[in-house]
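>>> Output the structure for:
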Amino acid sequence: MMNKTVLLKIFLILFYCSFQLPGKAQSKSLDVDKTYDFSPQKLNKTEKEVKVKAMDNFWNKVKSDTTIYLPLLRKELATNSHVPYFYFDGSGLLLWLSHSRSDEEIAAEAIAKCDLKDIDQMIYVQTLNHLAFDSINVLQASLKILAYPDFNFYLVQHAMYFNQENSLAYCLLPMQDTRYVDTLISRFNLADTTAQFSIMYTLWLGYSCQGDSLILAASKNKKLYRGVQAFADTLISQQPVPDADLSNSSVGALLEKRSDGLKRFSDEGLDDLINSTIALRSKTHCGLYAAMDSRKTGDKKALPLSEFAQLIIASEEFKSEQKHVDSLNNLSGVKRKLSFSVVENSTLDGDNPEFISIGFVNEESVYDRKVVYTMRYDKRAKKIVSIVRSPTPAAGSIGSLPITNKQLQ
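Residues are numbered from 1 along each chain as shown. Have a look, this model is predicted:
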């Protein structure tokens, strides 16, 4: 039987714990709602300064003992009961302390719950871009961008705005296309016009069969806003010639250059992304490009040429230019070819896009691409109503350059 001394010690220990444990548990809670009880967009400068100090204290508290507080932070980020801003700032804290895949997944899911009006848009896109390159699925967080037609941020060092379409592309393209293509396609018809531009732009850069099919369908959908339909027409008719150096690069090298472009938020990064995509498209056979290639090879499944396209090929101007190109090919080691492209709804000033289409006769080589003729087609009269020859570039000037982002917009 225990003596009185032992029993007294046990009693004192239990007595001590009964008072200490509740207080200790209380001190180990995060009190998220005490710190994050605001929306930054609704605060004035003075109020923000006060909240910044409170958030600094919150961060320092978590960093002071990650063994205890990091699991609590993960748990809070998984809930839906806090103000939206916590899910972005709390995710930033989690990513600061941990680079594990599981924590990055928690952060991506939490970020999707924030309010973009509270967030610095450049930091938002750069965060998702970083996570996407780590093979984290950021689709849901990225789709929030489509709800804001004026989504953009200014890159001071490059004196340029990064708009909605570039932001969406930089968030999604680092991921495998199977993660975003079907969702973008399903949202296209219900999206506003700005979002539709961004979706087609991203799908074009993604160069998937499903994405190209959406663009092709959009070009024929008369229910769409004319500008959207014209943009789809442009993406279909564009057969830009890759940069001479890139055309000789392997697919692996092009993918590496494309990935490098996606990591750089700059006009140079965008150029690398677009030019490497152009080169990759010239080496792949899918969607739009398969349809256009099949026309050249006589594939029985080829899409039928429109009446306008047939008139272009039958025109004296096209035939004459073809003879000119053939002559150049006989005399020069640099091979040239003649092609044409059609934009169903004219984008030229003064034209009614409902009634006028435009076509371009293009001469191209591995070094350049130039428009030789611009033709206007009246859909009602079903005839070409004007043919304008492009001026010949002066000696020493640049006839045309590979397509750039500004030309895509």
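>>> what's around residue 192, how many residues?
Counted by other CB atoms under 10 Å, the residues lying close to residue 192 total 13. Where you see a C-beta, it was placed from the backbone N, CA and C, and this is true even at glycine.
>>> Now do the SS call for the nearest residue to it once chain neighbours are set aside.
Spatial nearest neighbour of residue 192, chain neighbours left out: residue 149 (6.2 Å); criterion: CB to CB, 6 or more residues apart in numbering. With DSSP: H, G, I helix; E, B strand; the rest coil as the basis, residue 149 sits in coil.
>>> Distance of residue 149 relative to residue 194?
Separation of residue 149 from residue 194 (CB to CB, to the nearest Å): 4 Å.
>>> Who has more neighbours out of these two?
Using other CB under 10 Å, the more surrounded residue of residue 149 and residue 194 is residue 194, with 17 against 14.
>>> In contact with that one: list those residues for me.
149, 164 (CB atoms under 8 Å, 6 or more residues apart in numbering).
>>> what's the helix or strand for residue 123?
In this structure, residue 123 sits in helix 121-133 according to DSSP states H and E.
>>> for the helix or strand following that helix, packing partners?
The helix or strand immediately downstream of helix 121-133 is helix 139-143, counting by DSSP H and E. The contact analysis (3 or more CB pairs under 8 Å, 6 or more residues apart in numbering; DSSP states H and E) places helix 139-143 against helix 101-111, helix 164-172, helix 181-188.
>>> Which of those helices comes out lowest on mean pLDDT?
Sorting those by mean pLDDT places helix 181-188 lowest, at a mean of 93.
>>> Give me the buried positions along it.
Residues of helix 181-188 classed as buried: 181, 184-185, 188 (neighbour count, 16 or more other CB atoms under 10 Å).
>>> what's the angle from that helix to helix 164-172?
150 degrees (axes from the mean of the first three to the mean of the last three CA atoms, to 10 degrees).
>>> sorry, back to before: switch the helices and strands packed on helix 139-143 over to a markdown table; also include distance to residue 131.
Formatted as a markdown table, the helices and strands packed on helix 139-143 follow (distance: least, CB to CB, whole Å):
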| stretch | distance to residue 131 |
| --- | --- |
| helix 101-111 | 5 |
| helix 164-172 | 9 |
| helix 181-188 | 17 |
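>>> Name the stretch among those helices that sits most buried.
Sort those by mean neighbour count, taking mean count of other CB atoms under 10 Å, and helix 164-172 sits at the top with a mean of 25.
>>> mind checking how far the helix holding residue 123 is from the chain centre?
12 Å (CA atoms, centre = their mean, to the nearest Å).
>>> ok, residues contacting that helix?
88, 91-92, 95, 104, 107-108, 111, 116, 138, 141-142, 145, 151-153, 155, 162, 167, 170-175, 259, 262-263, 265.
>>> just to revisit the earlier point, which residues do residue 149 and residue 194 both contact?
residue 164.
>>> What subset of the contacts of helix 121-133 is buried?
Counted by 16+ other CB under 10 Å, those give 88, 91-92, 95, 104, 107-108, 111, 116, 138, 141-142, 145, 151, 153, 162, 167, 170-175, 262, 265 as buried.
>>> Find the nearest non-adjacent residue to residue 180, please.
Spatial nearest neighbour of residue 180, excluding adjacent residues (CB to CB, 6+ apart): residue 172 at 4.6 Å.
>>> and the one you found, what is it in contact with?
By CB under 8 Å, 6+ apart, residue 172 lies in contact with 132, 138-139, 142, 179-180, 184, 202, 206.
>>> mind redoing it with 10 Å?
Contact analysis of residue 172 by CB atoms under 10 Å, 6 or more residues apart in numbering lists 128-129, 132, 138-139, 142-143, 145, 179-181, 183-184, 202-203, 205-206, 262.
>>> Next: residue 313.
305, 319, 322, 340, 361 are the contacts of residue 313 under CB under 10 Å, 6+ apart.
>>> Go through these and name the one with the lowest pLDDT.
Lowest confidence among these: residue 305, with 58.
>>> How many residues are close by residue 204?
Counted with other CB under 10 Å, residue 204 comes out at 26.
>>> excluding its backbone neighbours, what's nearest it?
residue 235 (5.1 Å).
>>> same thing with residue 375?
residue 359 (4.4 Å).
>>> And residue 339, what's its pLDDT?
76.
>>> Would you verify that it is located in a strand?
Yes. Judged by three-state DSSP, residue 339 forms part of a strand.
>>> Help me confirm that residue 202 comes into contact with residue 168.
Yes. Residue 202 lies in contact with residue 168 (CB atoms under 10 Å); the separation is 5.2 Å.
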